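1. Sequence and predicted model, in that order:
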Amino acid sequence: QVQLVESGGGLVQAGGSLTLSCVASGQTYSIHGVGWFRQAPEKEREFVAAISWTGGSPRYAESVEGRFTISRNIAVNTVYLQMSSLKPEDTAVYFCATTKPYHGLTRGHNNYENWGQGTQVTVSA
């Protein structure tokens, strides 16, 4: 089993930046990839970005491409989401999760497991 804990959320003005962290513990050797998702009130959970645990090109949602950067530091079992040029529509609870084995870096949240508790990001206009 893998446990994930997100942190780094907060309140920021439009145009500002935040960096979220997702720290993994437990059976980290079993991780294939990690994805970030977000969910705004009364909206479905949506894919933001994903990265392979061992390397390779990350994947982004079109809505964040060029503004968000996902990275990982295996030495400390942490995946980061650097967010810049934030917009009010980026306001949501951000979650990280591990990819299910052999599912790759897909966009569907059903292909992810071991969800963290989430961290709130609020972008004011």
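-> Cool, the structure landed.
2. Just give me the residue right at the centre of the protein.
-> Centroid-nearest residue in the chain, with CA atoms, centre = their mean: residue 36, separated by 2.1 Å.
3. Just after the helix or strand where residue 6 lies, pick out the following helix or strand.
-> Assessed by DSSP states H and E, residue 6 sits inside strand 2-7. Sequence-wise, the next helix or strand downstream of strand 2-7 (DSSP H and E) is strand 10-13.
4. who does that following strand touch, helix- and strand-wise?
-> Other helices and strands packing on strand 10-13, by 3 or more CB pairs under 8 Å, 6 or more residues apart in numbering; DSSP states H and E, are strand 119-124. Where C-beta positions appear, they are placed from N, C-alpha and C, glycine not excepted.
5. model confidence over the strand it packs on, on average?
-> For strand 119-124, mean pLDDT is 98.
6. re earlier: list the buried residues of the strand holding residue 6.
-> Going by neighbour count (16 or more other CB atoms under 10 Å), the buried part of strand 2-7 is 2, 4, 6.
7. so can I have TSV of those residues showing distance to residue 111 and pLDDT?
-> Shown next, in TSV, are the buried residues of strand 2-7 (distance: CB to CB, whole Å; pLDDT from 0 to 100):
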residue	distance to residue 111	pLDDT
2	15	96
4	15	98
6	19	98
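8. of the residues you listed, closest to residue 79?
-> residue 4 (8.7 Å; CB to CB).
9. re earlier: where's the strand holding residue 6 relative to the chain centroid, distance-wise?
-> 11 Å (CA atoms, centre = their mean, to the nearest Å).
10. Could you report the separation of the residue nearest to the residue nearest to the centre of the chain when sequence neighbours are not counted from residue 73?
-> Leaving aside its chain neighbours, residue 36 sits nearest to residue 48 (4.3 Å; criterion: CB to CB, 6 or more residues apart in numbering). Going from residue 48 to residue 73 by CB to CB, to the nearest Å gives 19 Å.
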